[in-house]
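Asker: Using only what follows, build the 3D model:
(one chain, ligands or ions: 1)
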Amino acid sequence: MGDDCALCVDAAVFDEGLPPEWEEYLRDEREKTFIGSPRVPLCAGCRPEYDILKSGGYGPVSTDDEAVVELLDDLRLDRIVENHGF
Ligand SMILES: [Zn+2]
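Answerer: Next up, the predicted model:
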C-alpha cells in the first residue's frame, strides 16, 4: 500500500482502526478531528503494541493509561488515513 507506519519510519503493512476514546483524546489534546473511520497504518514492529493497547490488553482502552497516552503522542497524525467511506 505504500504508506509509512504512523509510529516509526518503516513501511506500513497493516492498518488498524482508532478506538473512539483515542479519537476523542486526539481531538481534545491535539486538535485533530477525523472524518469517517480513520485507519492507522502500522509496520510489523509497531502493530503488536498498538494492538495490545487498543484491545485493552493492559486494562481498559483508556487515555488514563500512560502507555496509551505515550503511544498517541507518538502517532504521526498526518499519516492517519481518513476513511470517507466509499
Ligand atoms: Zn512502525
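Asker: only C-alpha atoms for contact and neighbour calcs from this point on.
Answerer: Fine.
Asker: Mean confidence (pLDDT) on the lengthiest helix in the chain, please.
Answerer: Ranked by number of residues, the top helix in the chain under DSSP state H is helix 20-30. Across helix 20-30, the average pLDDT comes to 94.
Asker: Stretch 55-73 too?
Answerer: Taken as a whole, stretch 55-73 has an average pLDDT of 81.
Asker: one step back: what separates the longest helix of the chain from the chain centre, distance-wise?
Answerer: Counting by CA atoms, centre = their mean, to the nearest Å, helix 20-30 is centred 10 Å from the centre of its parent chain.
Asker: Likewise for stretch 36-44?
Answerer: Centre-to-centre, stretch 36-44 and its host chain are 6 Å apart (CA atoms, centre = their mean).
Asker: Endpoints of that stretch, how far apart?
Answerer: Taking CA to CA, to the nearest Å as the measure, stretch 36-44 stretches 25 Å from start to finish.
Asker: Now do that stretch, average pLDDT.
Answerer: Per-region confidence: stretch 36-44 scores 94 on mean pLDDT.
Asker: Any part of it near the ion?
Answerer: Yes - residues of stretch 36-44 are located near the ion by CA under 5 Å from the ion, namely residue 43.
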